[in-house]
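> below: sequence and its predicted model.
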Amino acid sequence: MPAFPEAARTATRDAQLRHNLRKATHTIRDKRDAVVAELDDWSRLRAAGKAIKDRTLRHLDHYLERLEESVTAAGGTVHWAADAAEANAIVTGLVRATGERDVVKVKSMATQEIELNEALAEAGITAYETDLAELIVQLSEDLPSHILVPAIHRNRAEIREIFRDRMAAWGVPAPDDLGDDPRALAEAARVHLRERFLRTRVAVSGANFAVADTGTLVVLESEGNGRMCLTLPRTLISVVGIEKVVPTWSDLEVFLQLLPRSSTGERMNPYTSTWTGVTPGDGPQEFHLVLLDNGRTDVLADTVGRQALRCIRCSACLNICPVYERAGGHAYGSVYPGPIGAILTPQLRGTGSAADAALPYASSLCGACYEVCPVAIDIPEVLVHLREEVAARPGHLGEKAAMGAAGWVFEGERRLGAAQRAVSAARSLVPRRLPGPGAAWTDTRDIPPIPEESFRSWWRREGRHGRAETDAPAPGQVRRERPEQSEQAERSERPEQSERGEDGRR
Amino acid sequence: MSTSPTRGTRPGGGSRERILARVRAALADVPAHEAPEDVAVPRAYTPAHGQGATVELLVDRLVDYRAQVHRAAPGELAERIGLALAHRRAQRVVVPADAPEEWFARTATTIVRDGGGLDVAELDGMDGVVTGCAVAIAETGTIVLDTGAAQGRRALTLIPDYHLCVVRADQIVDGVPQALPRLDPARPLTWISGPSATSDIELNRVEGVHGPRTLEVVIVE
Ligand code: SF4
């Protein structure tokens, strides 16, 4: 027996990931195009969104003080956290003060950025993610790979396995006969989480917007898990980056049009919740707002890079980016993947490490991200600006970073290339259904069409116009320079080998 | 703000002052005399997209979200509600304490009025909820609840699996810009655009994960 079934199996798995990613990003961006085209004033809304955010950022101290005042007047308590450690300490302290050991969470980038769940776990507090995709990621000890659809790299069969194997350790188990129909999987999540929603008394959220003049917090979501967390618990703690403030209530008319259409490609997301302090007799009776800096003031100080703080996390730039589509979200080594991650992460964390210094090179500078960005962040401009900064560092770090980034982009390509060669050789032999042990695999999955020529090989022939970022270095060099990246890539490829167990969980 | 219980997690506290000082230092390029209003915001966008606050548009958008929609004259409302609840085979539905009596004149379903006393488990045991709304946005198919008249507290429309919502034609506005001035930010708001939905599994839209899986709307005109 030749090694073909084995080789094809591996190739399919790798290609499956890309297939998922490609299908997802293209589907979302087609939907986005359609609903954006419905509004003939899109470019003017975009200009307004950009200007409102610029006004806010240029006078951020004023708007933060105003926000604090209005939240406090409405019965909330405002806390200020200079960095991740302080934010985590504040939240941990607040949860401890309630005497509770469990919290439910609304999907939030800010709390991922500060690694709040891990900090709470150290304090003996369990944080339960309640967004379906975040639940999948949490149960499988995986990492999110997309801002909006964090489990975009998982297919239904994998999700069924995760639910069947892991749900019991976290609460209500999955039903024995769980199939892989998305409807059944969503139902399993509903049952699993409902009991938790009905009895958990503390919730942690982020916010999409915080309105300075009214003290109103705004969360957009789809599933209702957000509404559950924002309504049922007694205490609500919201961790919000200082850049999320917008001046006035009526400014929301711009962002509530820009965000859903850019993000999920819907005219409006299924649920938007707004709340202002506390309302007697309805919802949480204790509300804490934790305003998070954690590097944002450093971004603000850079007059070119400052525009990254306009970001409303719609993820349109991820869905359009050719590099993201190939590399996937994990490759960026940050909770902020894609083009926005490539400019935000090195600004938030600095370019001191090789990993972060490489991020400004993780782009082809094609400009598509700027075109789709609803707040007109000129991502290519900031990328070039950051490259200059990296290149100005002593010791040719810039050059190394460029090399590192190229390797980082092509790391996945290299693996794919190897797999493609294996499959291409037998292209005419690839059946819709694999023989032998591969059958179970293909019964539940599409084998993507195998192109006659891989992108890599096409690129080798046609591309390569001497751009620095396309010069892939020797693999060994990449691995030496970027050990943590490689490790992460490995982990994302083989999450089933994750060692961390479910100890301590019921 | 000395009211913060966690102020002082660091020696001397002062994160508020530290962050504000960092913000001010970071904005050294902003001229001292510049006021926020000096940063122009071009508001040349269209206040309404010319489609109007029409019932037709709202229906189209709601149906697009896979909500069930009915249109009724005022005199037909009770009949319509009765039919919907019967079709749903609802035994017991919860309604806000101030929901109009006449809505339920033609139903055999047991109507439970919520005075705020029902706990979440009791709400979970209900077959549905019937409410009014504050505003409906035609262009986006959005219904906004502000806990005002005939809407009740937020948990009511969240926990039961079925939500029947009555929208009066005069509550319909064109677009998002027309909705905001009608709403009081001091109240907790819930904007609903179709039933709860997820697209997290291979981007297949599945109605309902946690919120009501069925949204039924009766438009009274
Ligand atoms: S940078 Fe722009 S396109 Fe990208 S996530 Fe942020 S707002 Fe969206």
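Noted; the coordinates are in hand. Bear in mind that the values here come from a model prediction, so they are computed numbers and not experimental data. Numbers count the residues shown, from 1 in each chain, chains lettered A, B, ... in the order given.
> so what does the helix or strand hosting A:I52 touch, helix or strand wise?
In this structure, A:I52 sits in helix A:42-58 according to DSSP states H and E. The contact analysis (3 or more CB pairs under 8 Å, 6 or more residues apart in numbering or on different chains; DSSP states H and E) places helix A:42-58 against strand A:245-246, helix A:252-263. Yep, even glycine has a C-beta here, placed from its N, CA and C like the rest.
> and the angle for it with helix A:252-263?
Angle between the axes of helix A:42-58 and helix A:252-263 is 110 degrees (criterion: axes from the mean of the first three to the mean of the last three CA atoms, to 10 degrees).
> correct me, but B:V144 touches B:W191?
Yes - shown here, B:V144 and B:W191 form a contact pair, counting by CB atoms under 8 Å, at 5.1 Å.
> these two: who's more crowded?
Legend: neighbour count by other CB atoms under 10 Å in any protein chain shown for B:V144 and B:W191, higher for B:W191 (26 against 23).
> contacts for the very next helix or strand once past the helix holding A:I52?
Proceeding N to C from helix A:42-58, the next assigned helix or strand is helix A:60-73, under DSSP H and E. Residues external to helix A:60-73 that are found in contact with it (CB atoms under 8 Å, 6 or more residues apart in numbering or on different chains): A:56, A:77-78, A:210-215, A:242-243, A:245, A:247, A:276-277, A:287, A:289, A:291, A:300, B:1, B:3, B:19-20, B:23-24, B:27, B:36.
> 6 Å - rerun?
By CB atoms under 6 Å, 6 or more residues apart in numbering or on different chains, the residues outside helix A:60-73 that reach it are A:56, A:78, A:210, A:212, A:214-215, A:245, A:289, B:20, B:23-24.
> okay, that helix in CSV with CA atoms only?
Taking C-alpha atoms only, helix A:60-73 is exported to CSV below (Å, rounded to 0.1, in the frame of the first residue of the first chain):
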residue,chain,number,x,y,z
LEU,A,60,-9.5,61.7,24.8
ASP,A,61,-8.8,63.1,28.2
HIS,A,62,-11.8,65.3,28.0
TYR,A,63,-14.1,62.5,26.8
LEU,A,64,-12.8,60.0,29.4
GLU,A,65,-13.5,62.4,32.2
ARG,A,66,-17.0,63.1,30.8
LEU,A,67,-17.6,59.3,30.5
GLU,A,68,-16.5,58.8,34.1
GLU,A,69,-18.8,61.5,35.3
SER,A,70,-21.9,60.2,33.4
VAL,A,71,-21.4,56.6,34.3
THR,A,72,-20.9,57.5,38.0
ALA,A,73,-24.0,59.7,37.9
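> as a whole number, average confidence for it?
The average pLDDT for helix A:60-73 rounds to 98.
> roughly how far is it from the heart of the chain?
Its chain's C-alpha centre and that of helix A:60-73 lie 28 Å apart, by CA atoms, centre = their mean, to the nearest Å.
> next one: stretch B:26-40
For stretch B:26-40, the distance to the chain centre is 37 Å (CA atoms, centre = their mean).
> next: stretch A:237-244.
16 Å.
> give me the contact list for it.
Contacts with stretch A:237-244, where a contact means CB under 6 Å, 6+ apart, come from A:91, A:94, A:110-111, A:204-207, A:209-210, A:217, A:288-293, A:296, A:309.
> show me the residues you listed that map onto helices.
A:91, A:94, A:110-111, A:296 (DSSP state H).
> how about A:A376, nearest residue that isn't a chain neighbour?
If the residues on either side of it in the chain are set aside, A:A376 comes closest to A:K50, at 4.4 Å by CB to CB, 6 or more residues apart in numbering or on different chains.
> just checking, B:G152 touches B:P96?
Yes - under the criterion of CB atoms under 6 Å, B:G152 makes contact with B:P96 at 3.2 Å.
> between the two, who's got more neighbours?
Shown here are B:G152 and B:P96; by other CB under 10 Å, B:G152 has more neighbours (26 against 23).
> which PyMOL command selects the buried ones in the contacts of helix A:60-73?
Of the contacts of helix A:60-73, the buried ones go into a single PyMOL selection, burial set by 16 or more other CB atoms under 10 Å in any protein chain shown:
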select buried, (chain A and resi 56+78+210+212+214+215+245+289) or (chain B and resi 20+23)
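> of all the contacts of helix A:60-73, which two lie farthest apart?
The largest separation in these, counting by CB to CB, is between A:T214 and B:R24 at 24.3 Å.
> report pLDDT for whatever residue of chain B ends up closest to chain A.
Using CB to the nearest CB, the single residue of chain B nearest to chain A is B:G211, 2.7 Å away. Looking at B:G211, its pLDDT is 86.
> relative to B:V120, how far out is A:E118?
Distance, A:E118 to B:V120, by CB to CB, to the nearest Å: 30 Å.
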